[in-house]
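Student: okay, here's the prediction I keep looking at, along with the sequence it came from:
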Amino acid sequence: MQIFRFDRGEKVISRYGSAGLVATRIAGGHGEVELTCLTVAAGGTIAAHTAPAAQLFMIVAGEGWVAGPDGARIPIAAGYGARWDAGEAHTSGTQTGFTAIAVEGAPLTLAEPEAG
């Protein structure tokens, strides 16, 4: 077993005009699946960009909004996520701050909920 911290805040990201964004690479980086912890400060944004690969974006704390190619903002909070395909334009932001885990890589298909 290996214990690690995934909210180390290693790299401030301002690419594409992002503001208040700090990222920590958790695992990957070898062309397969990559996991990153993203912390967005109150009033911050992850500016519009295209997904380099299929991406799952899961809010683990806080709340904010996400938008796809049409720019329509959809509220999102802890326990919810968004999925974007490779090449799909998207953005996100928050008034109060959030922490998200992003999983990027090979085609990512959401699992259907199991019947209770």
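Tutor: Sure, I can see it.

Student: from now on I want contacts and neighbour counts done on CA atoms only, so please keep to that.
Tutor: Noted.

Student: contacts only, for the closest residue to residue 10 other than its chain neighbours.
Tutor: Spatial nearest neighbour of residue 10, excluding adjacent residues (C-alpha to C-alpha, 6 or more residues apart in numbering): residue 24 at 5.1 Å. By C-alpha atoms under 8 Å, 6 or more residues apart in numbering, the contact list for residue 24 reads 6, 7, 8, 9, 10, 11, 36, 37, 38.

Student: what's across from residue 24 in the sheet?
Tutor: residue 37 (DSSP bridges).

Student: distance of it from residue 49?
Tutor: 19 Å (C-alpha to C-alpha, to the nearest Å).

Student: and residue 59, how far is that from residue 14?
Tutor: 20 Å.

Student: quick one, which of these two is more surrounded?
Tutor: Neighbour count, other C-alpha atoms under 10 Å: between residue 59 and residue 14, residue 59 has more, with 23 against 14.

Student: quick check: that one touching residue 80?
Tutor: Yes: contact criterion C-alpha atoms under 8 Å: residue 59 and residue 80 qualify, at 5.8 Å.

Student: remind me which helix or strand residue 110 belongs to.
Tutor: Assigned by DSSP states H and E, residue 110 falls within no helix or strand.

Student: burial count for it?
Tutor: Residues near residue 110, counting by other C-alpha under 10 Å: 8.

Student: so, low pLDDT: which residues of the chain?
Tutor: Scanning the chain for pLDDT under 70 picks out 29-31, 115-116.

Student: please enumerate the strands of it.
Tutor: Here the chain has its strands, by DSSP state E, at 11-13, 19-27, 34-50, 54-67, 74-77, 81-84, 89-93, 98-105.

Student: out of these, which is closest to residue 114?
Tutor: Closest to residue 114 of the strands of the chain, according to C-alpha to C-alpha: strand 81-84, at 17.8 Å.

Student: now find how far off-centre that closest one is within its chain.
Tutor: Centre-to-centre, strand 81-84 and its host chain are 8 Å apart (C-alpha atoms, centre = their mean, to the nearest Å).

Student: I'd like to know how many residues surround residue 94.
Tutor: 22.
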